[in-house]
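1. Show me the folded form of this:
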Amino acid sequence: MSTSSRSGPPAQWHPETLAIRTGLARTAYQEHSEPLFLTSSFVFENAAQAAARFGNTEAGFMYSRAGNPTVAAFQQRLAALEGAESCVGAASGMAAIVASIMSLCSAGDHLVAAREVFGATMQLFGILRRFGIETTTVPLTDAQAWRDAMRPNTKLLFVESPSNPLTQVADIGALSEIAHAQGARLIVDNCFCSPAVQRPLALGADLVVHSATKYLDGQGRVLGGAVVGDRATVDDLVLPFLRTTGGVLSPFNAWVVLKGMETLNIRMAEHGRQAMQLAQWLREHPAVSRVHYPGLADHPQHALAMRQQRSGGPLLSFEVVGEGEAGQRANAWRLIDACQMISITANLGDVRSTITHPASTTHARVDAQARREAGLRESLVRLAVGLENPLDIQADLASGPRAVGLSGTGAQAWHDPERFYALIGDQACRDCPSRSRDWPRCLPWYLPRRHRSWPQDRPRSSAPVFGK
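-> Okay, the predicted model is just below:
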């Protein structure tokens, strides 16, 4: 069952309300929270009703691979947030991408994709070639390259915006015009922004795909995906493909993501605020040569991002100093290994900050030359900013200069009181209960893993705590 058979929410509701109140009607038990329907099949009142359900002459549920009330609630909520007519859940973000492409393409068709896409998506394009679907990759921000890549048999344009991990921003409206001029469709992967930050359909996209594993859930608990768009495409093409091939969203995972979506707007606002703060801090860091974040004014697509998005988003990346590719990788790994709080994992979209080296993890299976062409250098580190206090995230990254062996002015930045206060932000000192700016006390307390001179038997309550 698709979401389109259910009446939509009031048009005047705001996104924050849609994220909480949209979903199926209550059952006869009048529960206040969405129920979880853990069942493989559904019982019919009689043989005639069973025949009507299987014959599509009566709406209703039959088998959870074809539809489930909990999954339908998830679909209706996400469709409302994206401003779409319909939505279908998938087992993962990759399942959603496969379903959207295979539902709209056949052998002999062609698609154009940004070369700056997720590593697994790039691998998928190679698999599609075995089935007669060719892919041309182009620079994400080069509109003329997209135009030049179009062929008479081009059916789809595929883009991820902002891109992972370089946070490049696509002009969704311009790509939509290029696609529609030739009768093709535009698919946008919106998992890094979510509808709380960006709504691609309103900008001209035809379909939106999501990895619900990321910010829709928001706590790193389950896998999930979705395809969102017009009713005819989603209900008549994508849904039958997923239902038949089996890559559907499970009821339990749908229920978990439903609960996560209730806090989506406030989480994404805070993710964006903290990412901006950390991007500004990293830009001044002596061990960092470059920061990639759309919220920064010097980002190449900053103005475009601010038109399309409500914030710079939760994801940033930065490049560490180093001599040659080997030295850059070694320094990036040392910086990552020095983190004691930030999780070293390739996943993102969590309340917990995560850090990874894309060239050796998420994009490791991408050809080395293709990585270089996409700007994925060995010096690059990706940071998905969580909801911890940003001062604690800064502190965890503060071993960077020591980890990469930075000397001179850079190394002194983390041993000089005034430089330390400047990097963590003077607000921390104003918020400190002691307000003492007492260097011997502040730094060992703030960076306890790196400075062991602080007396181990001193009560924690006696030390200043930043950010309180």
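2. which SS state does the most centrally placed residue in the chain fall under?
-> The structure's the chain has its C-alpha centroid closest to residue 192; by Cα atoms, centre = their mean the separation is 2.5 Å. Three-state assignment for residue 192 (DSSP: H, G, I helix; E, B strand; the rest coil): coil.
3. ok, it touching residue 311?
-> No. Look at residue 192 against residue 311 with Cβ atoms under 8 Å: they stay out of range, at 11.7 Å. Any C-beta I mention is one placed from the backbone N, CA and C, and that applies to glycine too.
4. Show me the strands in the protein, by range?
-> Counting by DSSP state E, the chain has these strands, from start to end: 86-90, 110-114, 134-138, 154-160, 185-189, 207-211, 225-229, 288-292, 315-320, 343-344, 354-356, 380-384.
5. what about the protein, any weak spots by pLDDT?
-> Low-confidence segments of the chain (pLDDT under 70): 1-9, 11, 399-468.
6. Tell me where the longest helix sits in it.
-> The single longest helix within the chain, with elements called by DSSP state H, is helix 264-283.
7. show me what contacts residue 200?
-> 82, 161, 172, 188, 190, 208 (Cβ atoms under 8 Å, 6 or more residues apart in numbering).
8. let's see 10 Å
-> By Cβ atoms under 10 Å, 6 or more residues apart in numbering, the contact set of residue 200 is 82-84, 159, 161, 170, 172-173, 175-176, 186-190, 193, 206-209, 228-229, 308.
9. Find the residues that touch each one of residue 192 and residue 311.
-> Common neighbours of residue 192 and residue 311 (Cβ under 10 Å, 6+ apart) are residue 198.
10. what is the orientation angle of the longest helix of the chain with strand 288-292?
-> 150 degrees (axes from the mean of the first three to the mean of the last three Cα atoms, to 10 degrees).
11. Please enumerate the helices of the stretch 1-150 of the chain.
-> Using DSSP state H, counting those that start in this stretch, the helices of the stretch 1-150 of the chain run over 15-21, 47-54, 69-82, 93-104, 119-129, 143-149.
12. just so I know, which of those lies nearest residue 166?
-> Evaluated with Cβ to Cβ, the helices of the stretch 1-150 of the chain place helix 119-129 nearest to residue 166, the distance being 12.9 Å.
13. isn't residue 241 right up against residue 100?
-> Yes. Applying Cβ atoms under 10 Å, one finds residue 241 in contact with residue 100, separated by 8.8 Å.
14. ok, the two, which is more surrounded?
-> Looking at residue 241 and residue 100 with other Cβ atoms under 10 Å, you find the greater number of neighbours at residue 100, namely 32 against 19.
15. Excluding chain neighbours, give the residue nearest to the more buried one in space.
-> residue 227 (5.0 Å; Cβ to Cβ, 6 or more residues apart in numbering).
16. One more: residue 350?
-> Setting aside the residues directly before and after it, residue 350 is nearest to residue 220 in space (Cβ to Cβ, 6+ apart), at 4.0 Å.
17. Could you tell me which residues touch both of residue 241 and residue 100?
-> Shared contacts of residue 241 and residue 100, counting by Cβ under 10 Å, 6+ apart, come down to 88, 90, 227.
18. Residue 303 - how many residues pack around it?
-> 12.
19. How about the one 3 residues further on?
-> By other Cβ under 10 Å, 16 other residues sit near residue 306.
20. try residue 270
-> Neighbour count for residue 270, taken as other Cβ under 10 Å: 18.
21. Now do the contacts for it.
-> Contacts for residue 270 (Cβ under 10 Å, 6+ apart) come out as 263, 311, 314, 351, 385-387, 390.
22. swap in residue 148?
-> If you count contacts by Cβ under 10 Å, 6+ apart, residue 148 has them with 112, 136, 138, 142.
23. Identify the farthest-apart pair in the residues you listed.
-> With Cβ to Cβ as the measure, no two of the contacts of residue 148 lie farther apart than 136 and 142, at 12.5 Å.
24. Can you work out which residues contact both of those two?
-> The contact sets of residue 136 and residue 142 overlap at 115, 148-149 (Cβ under 10 Å, 6+ apart).
25. so which of the residues you listed comes closest to residue 215?
-> residue 115 (23.9 Å).
26. That closest one against residue 374, yeah?
-> Yes. Using Cβ under 10 Å, residue 115 is in contact with residue 374, at 5.2 Å.
27. any common contacting residues for the two?
-> Common neighbours of residue 115 and residue 374 (Cβ under 10 Å, 6+ apart) are 122, 137, 139-140, 163, 366.
28. PyMOL command for the buried members of those residues?
-> Selecting only the buried members of these in PyMOL, with burial defined as 16 or more other Cβ atoms under 10 Å, works like this:
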select buried, resi 122+137+139+140+163+366
